[in-house]
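**Q** Fold the following.
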Amino acid sequence: MMAKNRTLLLATDWLELQSQQFTEVATENKLLEPSVPPAGNVATGILAGLVPGIILGAYLGGHIAHFIPDTPLRLAFIAAIIFMGFRYVRSSAPKDASVA
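**A** All right, here's what the predicted structure looks like:
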């Protein structure tokens, strides 16, 4: 009976040691500090107009899709993906983009 208690104690000690080691490594590497994205990644001026449109469009799109037959819906999705692909390929990199 004593061996089981000792095994449990060792497992608890091991978990505590792992937790302490993670905290030390995370503190040294600054992993526990809050990360703030660099300024300029989000256009906050248009964000208030985008969020309601996204929510409403997702809700209505999900309900309207039930009324459209499968084949036209698939073809519309394929056309949209191809269109976005062409736009992505034809676009140029931003002038201030830096390669890390």
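**Q** what residue ranges in the protein are flagged as low confidence?
**A** For the chain, applying pLDDT under 70 flags the ranges 1-41, 94, 96-100.
**Q** Now stretch 77-90: buried residues?
**A** The neighbour-count check on stretch 77-90 (16 or more other Cβ atoms under 10 Å) flags nothing as buried. For glycine as for every other residue, the C-beta is placed from the backbone atoms N, C-alpha and C.
**Q** Phe86 and Phe77, how far apart?
**A** Going from Phe86 to Phe77 by Cβ to Cβ, to the nearest Å gives 15 Å.
**Q** Repeat that for Thr44.
**A** As for Thr44, its distance to Phe77 is 31 Å (criterion: Cβ to Cβ).
**Q** Let me know the helix or strand that Leu47 is in.
**A** helix 44-64 (DSSP states H and E).
**Q** what does whichever helix or strand comes after that helix contact?
**A** Downstream of helix 44-64, the next assigned helix or strand under DSSP H and E is helix 70-90. The set of residues external to helix 70-90 that reach it, using Cβ atoms under 8 Å, 6 or more residues apart in numbering, is Ala65, Ile68.
**Q** What's the separation between Ala43 and Gly49?
**A** Taking Cβ to Cβ, one finds Ala43 at 10 Å from Gly49.
**Q** what residues does the helix holding Leu47 touch?
**A** With Cβ under 8 Å, 6+ apart, helix 44-64 has no contacts at all.
**Q** Go through that helix and flag the buried ones.
**A** Within helix 44-64, no residue qualifies as buried by neighbour count (16+ other Cβ under 10 Å).
**Q** and it with helix 70-90, angle?
**A** Helix 44-64 runs at 160 degrees relative to helix 70-90, counting by axes from the mean of the first three to the mean of the last three Cα atoms, to 10 degrees.
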